[in-house]
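# the sequence and its predicted three-dimensional model are supplied below.
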Amino acid sequence: MIIYKLPKEHKDVLTKHVQEFFLDERSEEIGIIAAESILDFMLKELGPVIYNQAISDARKLMKLKLDALEDELYSLEQPVDL
C-alpha cells in the first residue's frame, strides 16, 4: 500500500480546513491531533481511489491526443502513383 505524504504546509492548511468543517457543519470543535487523524484516514482510504481515477483520466486524455496525432500524420502522407 502506498502511503500518501503531504508537504507540511499542505497538511497544516488541510488540517485547518478539517477543523473548520467540523465547526461549521457539525458545531464541534476538534483539536489539531483529531483533525490530522481524520485527514490521515481520508488520505489512506480515498488516496488510492482518487489516484486511480486520475490515472484513468490521464490514460483517456493521452489516447485522445495520440489519436489526433495519428490523424495529423495520415494527413501528411503524400499520394504515390505506382
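Noted; the coordinates are in hand. Keep in mind it's a predicted model, so treat the numbers as computed, not measured.
# please count neighbours and contacts with C-alpha atoms only from this point.
Noted.
# counting residues per helix, which one in this protein is longest?
helix 32-76 (DSSP state H).
# packing partners for that one?
On a contact count with 3 or more Cα pairs under 8 Å, 6 or more residues apart in numbering; DSSP states H and E, helix 32-76 meets helix 8-26.
# what sits up against the helix it packs on?
28, 29, 30, 31, 32, 35, 36, 38, 39 (Cα atoms under 8 Å, 6 or more residues apart in numbering).
# where in the protein is pLDDT low?
For the chain, the stretches flagged by pLDDT under 70 are 1-3.
# redo that, cut-off 80
1-4 (pLDDT under 80).
# how about CSV for the contacts of helix 8-26, with neighbour count and distance to residue 62 added?
Output for those, formatted as CSV (neighbours: other Cα atoms under 10 Å; distance: Cα to Cα, whole Å):
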residue, neighbour count, distance to residue 62
28, 12, 45
29, 14, 45
30, 14, 43
31, 13, 43
32, 14, 41
35, 22, 37
36, 18, 36
38, 15, 35
39, 17, 32
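# before we move on, back to that, tilt between the longest helix of the chain and helix 8-26?
110 degrees (axes from the mean of the first three to the mean of the last three Cα atoms, to 10 degrees).
# what separates helix 32-76 from the chain centre, distance-wise?
Once both centres are worked out by Cα atoms, centre = their mean, to the nearest Å, helix 32-76 turns out to sit 6 Å from its chain's centre.
# make 415 the first number, not 1, from now on.
Let's use 415 as the start, then, which means that last one is helix 446-490.
# tell me which residues of stretch 465-479 are tucked away?
Within stretch 465-479, no residue counts as buried by 16 or more other Cα atoms under 10 Å.
# would you put the C-alpha positions of that stretch in PDB?
The C-alpha coordinates for stretch 465-479 follow below in PDB (Å, rounded to 0.1, in the frame of the first residue of the first chain):
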ATOM      1  CA  TYR A 465      -5.100   8.300  -7.700                       C
ATOM      2  CA  ASN A 466      -6.500   5.500  -9.800                       C
ATOM      3  CA  GLN A 467      -9.200   7.900 -11.300                       C
ATOM      4  CA  ALA A 468      -6.500  10.400 -12.200                       C
ATOM      5  CA  ILE A 469      -4.500   7.700 -13.900                       C
ATOM      6  CA  SER A 470      -7.600   6.600 -15.800                       C
ATOM      7  CA  ASP A 471      -8.400  10.200 -16.800                       C
ATOM      8  CA  ALA A 472      -4.800  10.700 -18.000                       C
ATOM      9  CA  ARG A 473      -4.900   7.500 -20.000                       C
ATOM     10  CA  LYS A 474      -8.100   8.700 -21.800                       C
ATOM     11  CA  LEU A 475      -6.600  12.100 -22.500                       C
ATOM     12  CA  MET A 476      -3.400  10.500 -23.900                       C
ATOM     13  CA  LYS A 477      -5.400   8.300 -26.100                       C
ATOM     14  CA  LEU A 478      -7.300  11.300 -27.500                       C
ATOM     15  CA  LYS A 479      -4.100  13.100 -28.100                       C
END
